[in-house]
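Participant: Structure of the sequence below:
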Amino acid sequence: MILPLPPLPTPLAVPRILVALQAEQPCLERSVFAMGTRLQIHLEGPGDLGQASERALAESARIEAACSTWNPGSAWSRLNAAQGAAVALDREWIALLAEIQAWTRCTEGAFDPVLMALMRAWGIREGGRVPDPATLAAARLASGSHLLALDSLHSSAQLGSPMAGVEEGGFLKGYALDAMRRAAATPSGWLDFGGQVLAWGRPQPVDFADPQDRQRSRGTVLLVNASLSCSGTSERGRHILNPRSGEPCPAWGSTAVVRPDGLSADVLSTALYVLGPEAGLAWAEQNQVAAAFFLNDGSVRQSRAFQDLHPTLIPREPR
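Facilitator: Below is the predicted model:
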């Protein structure tokens, strides 16, 4: 995460145009509420930065309106409510879901977008509960990317079970970060979307938090045209589900992944958390992914690609 900006007077405050001494060019900083979390925008460069930020925010709003399953009127909510019938979707969303299915195959099922039945069974969005065996068995049958059929020719999608549903929590913010960067079209800047950061142009130092205390930094990495995404359970409890077992992942610590784009960073921070520090590290090494695993005992495991970024690690103080 970027070290927090000073709070603005209101969530939708008028942006402040600043002169950044370090950048030696005009810059804008803005903080708003989007997709249920805080979005911080920092843009640098010539031209109308206010308009650039508006273009970025419009992209975030467009994606949320179409894909957020918290909104019953969204296209993806209609897909989830269709009881297995085919639903027309814009080609952009067909392409996005196809890309996510490819990540499911690449991670051998550690990441999966069709988890809504399991999310409901475990009450993830309602604070959590333990389902009875019959409910859990039914939810397992109604989960999995294999249930999502995409028809690119006719631009439609269909779920193979009436109970099945797409759950976007592990990838939509990353997708939105990439879209906002393109829309802003500034020479440099950074976006912090609920803790996932995308930086471009001028290198940007970014903190990653301790897995047991998000207010405590465990180190810093310099992002150069890249995104940092972290996944863990310190803030929301055991909310990350293992698609292969259908159960919440153990609270072993947190992951940090650096990738050139927001989407793959978002996906892989979740997938590697599901795999765990041993299998996750092996997968990251095999696929040359920059990943770090922060364990609750204070130890840190890093892939070679992550070490090559020369992060600054802060040892945990003994309690």
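Participant: Over to the most centrally placed residue in the chain. Which of the three states is it?
Facilitator: Among the residues of the chain, the one closest to the centroid is residue 266, at 3.6 Å (CA atoms, centre = their mean). What DSSP: H, G, I helix; E, B strand; the rest coil gives for residue 266 is helix.
Participant: likewise residue 292?
Facilitator: Applying three-state DSSP: residue 292 is strand.
Participant: Would you mind confirming that it is in contact with residue 208?
Facilitator: Yes: counting by CB atoms under 8 Å, residue 292 touches residue 208, with 7.4 Å between them. In this view, the C-beta of every residue, glycine as well, is placed from N, C-alpha and C.
Participant: any common contacting residues for these two?
Facilitator: Taking CB atoms under 8 Å, 6 or more residues apart in numbering as the criterion, residue 292 and residue 208 both touch residue 256.
Participant: Give me the nearest residue to residue 123, chain neighbours excluded.
Facilitator: Closest residue to residue 123 apart from its sequence neighbours, by CB to CB, 6 or more residues apart in numbering: residue 129 at 3.9 Å.
Participant: Quick check: that neighbour touching residue 122?
Facilitator: Yes: counting by CB under 8 Å, residue 122 is a contact partner of residue 129 at 6.6 Å.
Participant: Show me where the protein has its helices.
Facilitator: Assigned by DSSP state H, the helices in the chain fall at 49-67, 75-80, 91-106, 116-122, 133-141, 172-184, 262-286, 304-307.
Participant: domains for this protein, by residue range?
Facilitator: 16-59+173-313, 75-159 (automatic domain parsing).
Participant: Show the end-to-end separation of the shortest one, please.
Facilitator: What that stands for is domain 75-159. End-to-end span of domain 75-159 (CA to CA, to the nearest Å): 14 Å.
Participant: Pull the distance from that domain to the chain's centre.
Facilitator: On the basis of CA atoms, centre = their mean, to the nearest Å, domain 75-159 sits 17 Å off its chain's mean C-alpha point.
Participant: thinking again about what came up before, single out the most deeply packed of the domains of the chain.
Facilitator: Each of the domains of the chain was scored by mean neighbour count; the highest is domain 16-59+173-313, a mean of 19, by mean count of other CB atoms under 10 Å.
Participant: and it, how far out from the chain's middle?
Facilitator: 8 Å.
Participant: OK, contacts around the spatially closest residue to residue 277 that is not a sequence neighbour?
Facilitator: Of all residues not flanking residue 277 in the chain, residue 293 sits nearest, at 4.0 Å (CB to CB, 6+ apart). Neighbour list for residue 293: 253-255, 272, 277, 280-281, 300-302 [criterion: CB under 8 Å, 6+ apart].
Participant: let's see it at 7 Å
Facilitator: 253, 255, 277, 280-281, 300-301 (CB atoms under 7 Å, 6 or more residues apart in numbering).
Participant: and it, bridged to which residues?
Facilitator: residue 255, residue 301 (DSSP bridges).
Participant: related to what we said a few turns ago, out of the contacts of residue 293, the closest to residue 184 would be?
Facilitator: Distances from residue 184 to the contacts of residue 293, taken as CB to CB, are shortest for residue 255 (27.5 Å).
Participant: doesn't residue 230 make contact with the closest one?
Facilitator: Yes: judged on CB atoms under 7 Å, residue 255 makes contact with residue 230 at a distance of 6.5 Å.
Participant: what residues are shared contacts of these two?
Facilitator: residue 269.
Participant: re the thing from before, which residue packs closest to the residue nearest to the centre of the chain, ignoring adjacent ones?
Facilitator: Counting by CB to CB, 6+ apart, residue 266 lies nearest to residue 174, which is 2.7 Å off, once chain neighbours are set aside.
Participant: next one: residue 96
Facilitator: Nearest to residue 96 is residue 175, by CB to CB, 6+ apart, at 6.2 Å.
Participant: Contact partners for the one you found?
Facilitator: By CB under 7 Å, 6+ apart, residue 175 lies in contact with 63, 96, 262-263.
Participant: again, only using 8 Å
Facilitator: Listed by CB under 8 Å, 6+ apart, the contact set of residue 175 reads 63, 96, 262-263, 266.
Participant: Residue 43 contacts residue 28, correct?
Facilitator: Yes: the pair residue 43 / residue 28 is scored as a contact, 4.8 Å apart, by CB under 8 Å.
Participant: Setting the sequence-adjacent residues aside, check what's closest to residue 168.
Facilitator: residue 67 (5.6 Å).
Participant: count of neighbours near the one you found?
Facilitator: Per other CB atoms under 10 Å, the neighbour tally for residue 67 reads 25.
Participant: May I ask you to confirm that it is in contact with residue 78?
Facilitator: No: at 11.1 Å, residue 67 and residue 78 do not qualify as touching, with contact defined as CB under 8 Å.
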